[in-house]
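Undergrad: This is a predicted model, with the sequence first.
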Amino acid sequence: QVHLVESGGGLVQTGGSLRLSCAASGRTFSSYAMAWFRQAPDKERELVAVISDVGRYYADSVKGRFTVSRDNAKNTVDLQMNSLEPEDTAVYSCALSYVRWTLDPARYDYWGQGTQVTVSP
């Protein structure tokens, strides 16, 4: 069993930065894929970033602005978000998959509750 808890969300102005963190407890996860998803009101859930020992993935909408990182010793995955735009406003959730690499939300086995990010114009 794995428990994921996100933190670091909040309100920021356009152009600002936030750093989200996801803390995992339970089974160690160094070889598993970890991802950040987001969902805005009235929109479908969107994959934002993935990290594993295979590599990293970023959605085109965040490439060059967001950076995903992980600390396997601390069981944490962070998402550094720079140059934020109102379109980035959403609930951000981290997720863990028992496979090494996947972009398919259905392959993620555990999800956090999410943290709200709001970017004001």
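TA: Arrived safely.
Undergrad: Every contact and neighbour count from this point should use C-alpha atoms.
TA: Will do.
Undergrad: Just list the residues touching the most centrally placed residue in the chain, thanks.
TA: By C-alpha atoms, centre = their mean, the chain has its centre lying nearest to Trp36, at 2.2 Å. By C-alpha atoms under 8 Å, 6 or more residues apart in numbering, the residues touching Trp36 are Leu47, Val48, Ala49, Val50, Leu79, Tyr92, Ser93, Cys94, Ala95.
Undergrad: need the strands for this structure, in chain order.
TA: 2-7, 10-13, 18-26, 33-39, 46-52, 55-58, 66-71, 76-81, 90-97, 110-111, 115-120 (DSSP state E).
Undergrad: Using JSON lines, please lay out these together with distance to Asp104 and mean pLDDT.
TA: Converted to JSON lines, those look like this (distance: least, C-alpha to C-alpha, whole Å; pLDDT from 0 to 100):
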{"stretch": "strand 2-7", "distance to Asp104": "18", "mean pLDDT": "95"}
{"stretch": "strand 10-13", "distance to Asp104": "27", "mean pLDDT": "98"}
{"stretch": "strand 18-26", "distance to Asp104": "19", "mean pLDDT": "94"}
{"stretch": "strand 33-39", "distance to Asp104": "10", "mean pLDDT": "97"}
{"stretch": "strand 46-52", "distance to Asp104": "9", "mean pLDDT": "97"}
{"stretch": "strand 55-58", "distance to Asp104": "12", "mean pLDDT": "97"}
{"stretch": "strand 66-71", "distance to Asp104": "18", "mean pLDDT": "96"}
{"stretch": "strand 76-81", "distance to Asp104": "18", "mean pLDDT": "97"}
{"stretch": "strand 90-97", "distance to Asp104": "10", "mean pLDDT": "97"}
{"stretch": "strand 110-111", "distance to Asp104": "13", "mean pLDDT": "96"}
{"stretch": "strand 115-120", "distance to Asp104": "21", "mean pLDDT": "98"}
